[in-house]
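> build the 3D model from these lines:
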Amino acid sequence: MQVMFEGSEEAEGKKGLGLLKGRVERIPTRERLPHMGWNYVKKIRDSPLFKGLEGGYAYFVHSYHPVPSEREEVVATADYGTEVCAAVWKDNLFGTQFHPEKSGPFGLRILKNFLEVLDAL
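As a prediction, the model looks like this:
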């Protein structure tokens, strides 16, 4: 998901794809980094990716997080000493900061919903 943004503190001077406005920044937290483990993902806006879900536990491995300029593109957040963007949606772009493939039933539902979106195209 991070490569879809305009740039990143993790690779200063390098441009992202610029498909989403905003930058990727180091998580401003006193918590241990990298954040490795399970965290609750809370849906904050409806999207096809979260159809039938309000939230659930997902597996994360990251030290950086996207900070979208367009807040309405954020569809889910997680708390790791500060609120972090956990999922985005804009038009036909979807992205998750967590690993759905490692996130048990919650992640499988995210992947199923993604496949349903593709099937509808």
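> mean confidence (pLDDT) on stretch 54-72, please.
Throughout stretch 54-72, pLDDT has a mean value of 96.
> give me the distance between the two termini of that stretch.
With C-alpha to C-alpha, to the nearest Å as the measure, stretch 54-72 spans 17 Å from end to end.
> and stretch 94-106, by the same measure?
End-to-end distance for stretch 94-106, by C-alpha to C-alpha: 16 Å.
> pull the distance from that stretch to the chain's centre.
Distance of stretch 94-106 from the chain centroid (C-alpha atoms, centre = their mean, to the nearest Å) equals 9 Å.
> can you give me the buried ones in that stretch?
For stretch 94-106, a neighbour-count test (16 or more other C-beta atoms under 10 Å) marks 94, 95, 96, 97, 98, 100, 103, 106 as buried. Any C-beta I mention is one placed from the backbone N, CA and C, and that applies to glycine too.
> show me what contacts the third one?
Going back to what we said before, that points to residue 96. Listed by C-beta atoms under 8 Å, 6 or more residues apart in numbering, the contact set of residue 96 reads 1, 49, 58, 76, 86, 87, 110.
> state the pLDDT value of it.
For residue 96, the pLDDT comes out at 97.
> now do residue 7
Model confidence at residue 7, expressed as pLDDT, equals 96.
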